[in-house]
Structures are given as structure tokens and as C-alpha cells.
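1. Fold the following for me, if possible:
(chains A and B)
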2 protein chains.
Amino acid sequence: MSERLEQRIAEQALQYVVSPPTGSDPVVSFGSPAELYDVFDRSIGMKIESDQEPCADDAVLAAVESVLEYSVHTSHPRFINQNFAGPDPVSVVGDWLGAALNTTGATFEAAPVFTLMESAVLNKLAVVAGYPLGEDAQELPPGLFAPGGSTGTLFALQLARHRHQPDIVRVGSNGDRLCLFVSDAGHYAAVKSAALLGIGMDAVIKVQTDAGGAMRPEALVQEIESARKSGLVPFAVIGTSGTTVTSAFDDLHALADICESEGLWFHVDGCYGGSALFSSSHRHHMAGVERSDSFVWNLHKMMGMTQQCTALLVKDPHQLAPCFATGANYIFQPDKKHGEFDSGDRTFQCARRIDSLKLWLAWKVRGDQGFADRIDHAVRMADHTRQRIESSDGAFAMLVKGDFTNAVFVWVPPELRPLALSELSEDDRNRLHRVPPLVKARMQAEGTAMVGFQPIHGVNTFRMLYMNTSVTVEDVDAILAYIAKYAEEAWATVAEGDDA
Amino acid sequence: MSERLEQRIAEQALQYVVSPPTGSDPVVSFGSPAELYDVFDRSIGMKIESDQEPCADDAVLAAVESVLEYSVHTSHPRFINQNFAGPDPVSVVGDWLGAALNTTGATFEAAPVFTLMESAVLNKLAVVAGYPLGEDAQELPPGLFAPGGSTGTLFALQLARHRHQPDIVRVGSNGDRLCLFVSDAGHYAAVKSAALLGIGMDAVIKVQTDAGGAMRPEALVQEIESARKSGLVPFAVIGTSGTTVTSAFDDLHALADICESEGLWFHVDGCYGGSALFSSSHRHHMAGVERSDSFVWNLHKMMGMTQQCTALLVKDPHQLAPCFATGANYIFQPDKKHGEFDSGDRTFQCARRIDSLKLWLAWKVRGDQGFADRIDHAVRMADHTRQRIESSDGAFAMLVKGDFTNAVFVWVPPELRPLALSELSEDDRNRLHRVPPLVKARMQAEGTAMVGFQPIHGVNTFRMLYMNTSVTVEDVDAILAYIAKYAEEAWATVAEGDDA
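-> Residues are numbered from 1 along each chain as shown, chains lettered A, B, ... in the order given. Below is the predicted model:
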């Protein structure tokens, strides 16, 4: 064992990437915080001690084993818990390569290869989205990378405000009572961003959605009119492509029409659903995105890039520098070679992790078709789930009928089949609401699966959603069977009222 | 060669980590954008094609070789270019392990081990900084991780504004003409943040520094008074610990006194210099940081963590949720087990890369003493640089006398020795100014070293700064010799005026 510690840790990590837990392996070996502290006490302890000594190599390696064993296996086909799962192994090692070269994306000088790579990827993403490319698109790519979707939306809203009030950057808010619009199924990044921008959460007007979860365009028109009447100053509309719960898509053409006639910035939050663009069968959901002013797209969700890989495309990249630049002369020296390629003065961040390399590498390895296949597979699994639910004789009831990657449903106890949610007694509704958390806890305890849940119409519902290419119909069927089994037992408990 | 592509790429990356370029290996094999496009055309091309086909494994591996060959070798001891260099290999593989497990830090459910690890690291950092710990510090750690120092300062200023106006989050700015203070040597994150927050860059009042680059406290008092007189509403002061150019430290006790008597939020930007806290010989620079309300600290700078590893410590972590939370019920379900550990509703970001694991691992492997050694070594190299400059018979002239990691100096042509900057003719000053960019370009072209430069008093000056533990006094001497050689030749060129 003459290998250095870092090699041995790297080999543990590589082994995990090449042969991740699958099949009957647990999705998680769940430990409470107290149990996890105990686990690490057996090697090097979880806390950093007040006089921390260097730990012996073998103890460190044992701790790394514990990290691997007790973490959630997000690449397991039965991890159906969140809007990311199943990282592409090529992306993982692309991420590793970037970490090995550890530089910052801010300047061509420090990141010559990655500056061009970022430009290459942003240009291609823009083409996929139907964004026009300027003649200077290699030096000035049509967007930037951001550390996550919320931050991408934050930057987009600042660009929107900057168009509304070009001196905002210099003098701050001119006192206009700005407001913006997003559907009531849209992501909370909008309100978080409004708070941070100093606009305030109340200035985010939640527009009503239809039964499927898409914004009602006529409701948007009414909200804009009513906001103007009350003295507010609308400046932006966020269209949502792939909502968190039901993966619903707003009608982007309808929203673009309204933004054009009202003179509002049109931002598309396609963090989740933007990747539908890769598939000829599903890109119709995104029709109209090419008319947006900005479009944020998390490639770390459906496309299996590692955390994080967020592209913010912008229609007019010439506005990035006026909105974000400070021209710090110790780093963006005007007398430096190829400084025109520097991206750091076109965004908020200074030092930035390299997020483009893994996407570039995966794209080269998978090709356009490989990217399309990933989307098509995901929707196929969701279609299969919907079919199983429909043919379940009322054992499961879909609360929202979707046609993309998410299936949202409840398990129905025999005495309540077929489910008529609006006719449920308050007691039954409360009991039904209490089932999914119990099912979830049981899944975690047994490691059989992880499936998310959230309230819809006041009742906790399961959400199964797909993007991991290793999920099979057998996995879907097995997870549904676990839900039915655990839910039945949970219902017996809550029906007796002894779980409180 | 039956290994899968991802294994082969991982092995290329690991080989690089274990045996990085050093000694006479080039720091960079510099290519212009056009040259780099040509390089990649020999394997799989830089651009993503309009109909991108999957590339063959061997071509992909050749491209990975090009990525390694043409990127800047930031771990090379002669990369003295920026405020990061020489990643700790343990941090690199800790980063890899996190990417392999690819999850998000937002919830205990998705990141049980990492939630506790983040808490462990934040608690220890707080102890190192002298911040008090609450009784609930494990569940509610004294801060958060942010994607970079600028974002950490952004979050801190929002916390500051939130204390000034508690309903800011809900209703937006109340119209107060807020202003904040930072030294004129402070980082541009302050003005970028003010722009994004809607306060405006003009509201950032730059306080005069002394000759070394530290804020003059009496100037701060005057600026606060004068701001109040002109109707501005001061709300925060940023103390800088380790300025970008000269690694100067503001007197934090003096600033804390002023903030206390003026009722202002005291934020410390210790992104660079905060790590002085690890060394008993140098932590005196940070005296008073324990009195701050918030303190941002980039462990990816001096401590050799990979990009990015930014801790924002806060004195009152109970204010994080009121300032940032939205309580999204699809992810922070109130009926979920151990939800009190979820960090996602205490920060702006939703999905977050795991940045704590690599720091936790490195700390366990190196121990407190290993962390201290890193700082002590860095200052030793800077001291050696200063000695060489002082004993250079006027060949080099230090423009700012520092005592931490940065040495900032010019090369002086024989006819101008000893340098009297204020007495230089306009012509000589212009010529001197043009030398460092030429030296830099030559270093890049020959791959011999990379050293940053920036204008001070209108003249481009070299900045050598240290944090890479593999730098030796021989490296320092060799780099100074290159600077002298290249500068002499550059001077001959600019003196003849034929470089324009």
C-alpha cells in the first residue's frame, strides 16, 4: 500500500462512479443525526476537534467509506425524489477534470481552454433554443454560467430592471414600485430574487394556473392591468417551463405576445423543462422560448450534469457588461492580451468554478441524439407510471394529469375508491394527508426507494419524476408496489388514530 | 483497453493530481484562441457541431489530453498569478467524492452526511474566528456556504439591510437612501452587491486608506458623518482583511468600535486574509473579527480548497431564515423527519453543490497544525521576496511595504535607480507602466512563470503572492530573475518606442 492517500480516496470515488448502488442495494442507509455521529465516531469523528490532530490514513479511508455508505445514492434507479438524479458518469469525470485543473472562469488568461469551451456550449445551447447569434458570438457568447437556477433568475431580473431603469446600477432604485409576474406554480426563486433585489416578495404577483399547472394567459393580462391601476410598475414576466410539482409548461408564445404588447421583459425559467428542447418529440413544450429576453436552464437537472451546471441565455449579451461590470483593473487589465474574451466582467461573480467542461465533454460523448434519448426515456417512464395509475382500479388516483416527466398522485384506501377528493370528509382528508410522510419514512428506513411528496389541494401527494436513464419499467412497478404496501399499512395506523 | 471511457478520463485526471507539472515544466502552454481552436480540431473540435455526433473514445481521450496540456497549471509553484494556487490534493479528491455522490446541500433528507459535515465545519470555523456558538449550533450552524466570496458579501449585505429594515424582504426598499462603507482598496464585490441589491454603486462610499492599504478609521468617521449630513442612511461597514493587491488588513477593532457607536452592521471581507486566523504567528491581523456581525471567508484561496469553498459566518444565525426563507412546502415539508436540520431555507440558493466535504476531509488529514503551516509558509515566501527586493541594489522597488503574503513592486531600469516615483518624467512613467504587460506576455509565451500585475499610482506593478505550499525560495529567486531579464529587454523596446 504505497499509494498516496489522495489516490486511495480517488479510487474509492471512482469505484462508486463505475459501479454505483443499484437493484436491491439500498437507496439510502438511513441514519438519524445521532446515529450518524456515532458512525463517524468509529473512525475520525464528525466534528472538527478543538485541537484537531491529523488523522491516520486508514481511519480517513474508513470515514470515506462511511461517507459513501450513509449518503443518499442519487444515481440509484429508485431515487425518484427530486428534479435531479442519475448523473452521467462522463459528467462526473468531466467535473473531476475541472477540479484537478482548479482555476477560475473569470479570465482567458487563467482559463484559456475553458473560456472557449464555455462559449462553445453557450452558443450551441442558444442554437438549440432558437436564440439568434451575433457575429461576435465567440468572443461574446449569448449568456453566462450561474451557480444554480435561483441565481440565474436573480441575474435575469437584474437585467430586466436594468433595461427598465438604465441607471439602476449606478444610483439604485428610482422609487418605482416595481412588480413582476410568475405563475402560482412557479419556482420560489422569483420571490427570493425579488427580496434580494430590494423589490420585495409582495411585488411578485402570482398568476392563476389552469388545472394542469400552466399559467392562464388571460389571468396574466388582468393582473398586469390591475397592477398598473394600483400604481405598481410592471417590469418582467417569468414563464415557467416545467413546474416543480407537475412539470407543467406555460404557453410561451402567449406570454411573449403579452410581454411584447405590454413592453415587459420576458424571462423563461426553464431550469427543469428547458431540456425538452433536446427532443424532437417534446420540444413543442418550449415553443416560443426563442422570443424570450432571458432563459435560465439547469443542465444539472434532466441532463444529468453534476451540481451545478446552469446556463443563463440572454437575447442581448451586450447588456451584460453595463449591468454587471466594474472594470477592476487588477484583473481585467486593459493592456492584457485577449482580454476581450474575459467573461468575469460580464457577470456578478468573480472567481467561478468551471461548470462548462463537463457539459462540453458529455455532449461530445453522447452527441445530440444521446441528449434527446435521455428526455425520451424520461417521458416514457412517466407515461408508464400514468398507465399503471390509470389501470390500478382506483388504488392510485392522479391529481394532475400531466404529459411530461412528473406523475403526481395519491394512494387511495379501498373504502374511498374511486377517490372523489372534493367529497372527502375533513377527517378522511386529514388521514390521507398523513400517509405520504409515513410512507416516505418507511422507504428511508428500509432503503427501498425515495419518492418525494408535497401537498396539493391540502393533501400530501406523491411525485414520481424521471431523468435517470437507468430507471426501468420494473423499477417503476416496484416503487408503486412499495407505495401501495406501505400506504396500506400507514392508513391502518392513521385510521386508528394511534400515530400521533 | 476494456476500461470504460469514464475510467480512462478519471485516470488521466488522477495522474495529473498526483504528478502535476512542476520544476522546468511549463506553467502554461499558451495558445491564442485561434491556436486553441486548431488544437482541438485535431481531435473532436472545440465547437459543439450543429448536428453533433457522438465522438469516438480515443478522440475524446486525445481532447482530454489537450485540455490538460493547454490549461494553466495553477498547482505549479511558479503560478504566482492570483489569490488561489496549489490546491491541496486531498481537497481535490474530496471534491471528486462529492461530485460522485452528486446531491444537493439543501436538505438533510438528500444530504444527511453533508448536512452534519457542513455544520461541523462552520462550527469549527466560528470557533477559530472567536464567534460565540449558540446551544443549538449543530442544528443551526453559525453561517452558511455560498458560491464564492462576492455572493457571500451579497448575502451579508442583505442581512445588514434586513436588520435596518425588517420588512425589506416582504415590501422592498422603504426609500431610505442607504449607503455603506468600504476602503478604497476593498474588493469590488461591495459595489457589485450594491448594484444587485438595488442600492446602487454610488452608495458605496470608498474610505481612504493609509500607505499600506488599510482603511483610515478616522476617515471612516468623517465619511459617516458627511453621509448623514447629506441625507444618506448608513447601514453597513465592510472591513477588509487581506486586500487584493497588497494583502493589507483593516484595523477590525477600530472599525468595530465605530460600528458599535454608529449602530452599523459590521461585515468583514476576509475572503483572502481570513485564513491568517489559522496561524498563531499571523492571526493578530484578524483581531476584532469576533466583533463583526458577518464574516466571509474563502477557503479556496489561501487554504488550497478547490473552487469554490466560501463560508459566510454570521453572529446571529436565527436571522438567516427570516431574511431568506420562503418555506416552499414541496421541499421543506413541515411533516418531514429531521427537517430542522435543513439548511436550504436559510439561504438564497436552492440546490447547492457540496462544498463542505473537501474542507472537512482536508482538515481531518492536515489537522490544525497543517492549516497553520500553510499560512506560515506563505508569509515566509513573501518575506524572502521582500528581502530579495530590498537587497537588489535598486533593481526592484517595493511600492507598498507589506507584512503578509503579497509583495508589490516594479523593476527599475538602471538609469532610474534608485527609483523616485514622484519625480519621474511623464515619459518614463509611461514607459515603466508598459513593461509589466510585456513581461507577462513573455512569461506566458515561454511558460516560465505567471505573475500578476496591476496599476498602483498609475504605474503597472508586479504582484507576487503566496499560498501554494510547494513554492520554494529557489522558485522565488528564479521568478525574480525572469522578471529582471524580461523587463530589461522590454524596457529596451519601449525606450526605443517601437512596440506600439
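2. Against which helices or strands is the longest helix along chain A packed?
-> The residue-count maximum for a helix in chain A (DSSP state H) belongs to helix A:356-390. Applying 3 or more Cβ pairs under 8 Å, 6 or more residues apart in numbering or on different chains; DSSP states H and E, we find helix A:356-390 packed against helix A:89-101, helix A:112-129, strand A:396-400, strand A:406-411, strand A:459-465, helix A:473-496, helix B:57-70. C-beta here means a position set from N, CA and C on the backbone, and glycine is covered the same way.
3. Tell me if residue A:82 really is in a helix.
-> No: judged by DSSP: H, G, I helix; E, B strand; the rest coil, residue A:82 forms no part of a helix; its state is coil.
4. Might you report the residue contacts of it?
-> Residues near residue A:82 by Cβ atoms under 8 Å, 6 or more residues apart in numbering or on different chains: A:74, A:452, A:465, B:104, B:110.
5. List just the nearest of the residues you listed to residue B:401.
-> residue B:104 (46.3 Å; Cβ to Cβ).
6. element containing that closest one, please.
-> Using DSSP states H and E, residue B:104 maps to neither a helix nor a strand.
7. what's the nearest residue to it if we skip its chain neighbours?
-> Nearest residue to residue B:104, sequence neighbours excluded (Cβ to Cβ, 6 or more residues apart in numbering or on different chains): residue B:351, at 4.1 Å.
8. so what pLDDT did that neighbour get?
-> With respect to pLDDT, residue B:351 has a value of 90.
9. Would you confirm that it belongs to a helix?
-> No: when classified by three-state DSSP, residue B:351 is found to be coil rather than part of a helix.
10. Just give me the neighbour total for it.
-> Using other Cβ atoms under 10 Å in any protein chain shown, residue B:351 is surrounded by 26 other residues.
11. domains in chain A, as residue ranges please.
-> A:5-73, A:104-353, A:366-496 (automatic domain parsing).
12. Pick the most buried one from the ones you listed.
-> Each of the domains of chain A was scored by mean neighbour count; the highest is domain A:104-353, a mean of 22, by mean count of other Cβ atoms under 10 Å in any protein chain shown.
13. Hmm, residue B:45 and residue A:360 touching each other?
-> No: counting by Cβ atoms under 8 Å, residue A:360 stays clear of residue B:45, with 10.5 Å between them.
14. Quick check: the residue nearest to residue B:104 vs residue B:53, distance?
-> 31 Å (Cβ to Cβ, to the nearest Å).
15. Residue A:451 touches residue A:27, doesn't it?
-> No: assessed by Cβ under 8 Å, residue A:451 is found out of contact with residue A:27, at 9.8 Å.
16. where do the contact lists of the two overlap?
-> In contact with both residue A:451 and residue A:27: residue A:443, using Cβ under 8 Å, 6+ apart.
17. Quote the end-to-end distance of stretch A:305-317.
-> 25 Å (Cα to Cα, to the nearest Å).
18. Nearest spatial neighbour of residue A:200, chain-adjacent residues omitted?
-> Excluding the flanking residues, the one nearest residue A:200 by Cβ to Cβ, 6+ apart is residue B:172, at 2.9 Å.
19. can you give me the angle the helix or strand harbouring residue A:432 makes with helix B:112-129?
-> In the assignment (DSSP H and E), residue A:432 maps to helix A:426-446. Helix A:426-446 runs at 80 degrees relative to helix B:112-129, counting by axes from the mean of the first three to the mean of the last three Cα atoms, to 10 degrees.
20. Who are the contact partners of residue A:62?
-> Residue A:62 sits next to A:42-44 when contact means Cβ under 8 Å, 6+ apart.
21. Could you check the pLDDT of it?
-> Here the pLDDT value assigned to residue A:62 is 98.
22. repeat for residue A:235
-> Note for residue A:235: predicted pLDDT of 98.
23. Give me the below-cutoff pLDDT ranges for chain A.
-> A:1-2, A:497-500 (pLDDT under 70).
24. redo that, cut-off 90
-> Applying pLDDT under 90 to chain A picks out residues A:1-3, A:325-341, A:343-345, A:401, A:457-458, A:495-500.
25. and the next element down the chain from the helix holding residue A:432?
-> Next along the chain after helix A:426-446, taking DSSP H and E as the criterion, comes strand A:450-456.
26. touching chain B at all, the helix holding residue A:432?
-> Yes: using Cβ under 8 Å from any Cβ of the partner chain, helix A:426-446 reaches chain B at A:434, A:437, A:440-441, A:444.
27. Understood, closing this out.
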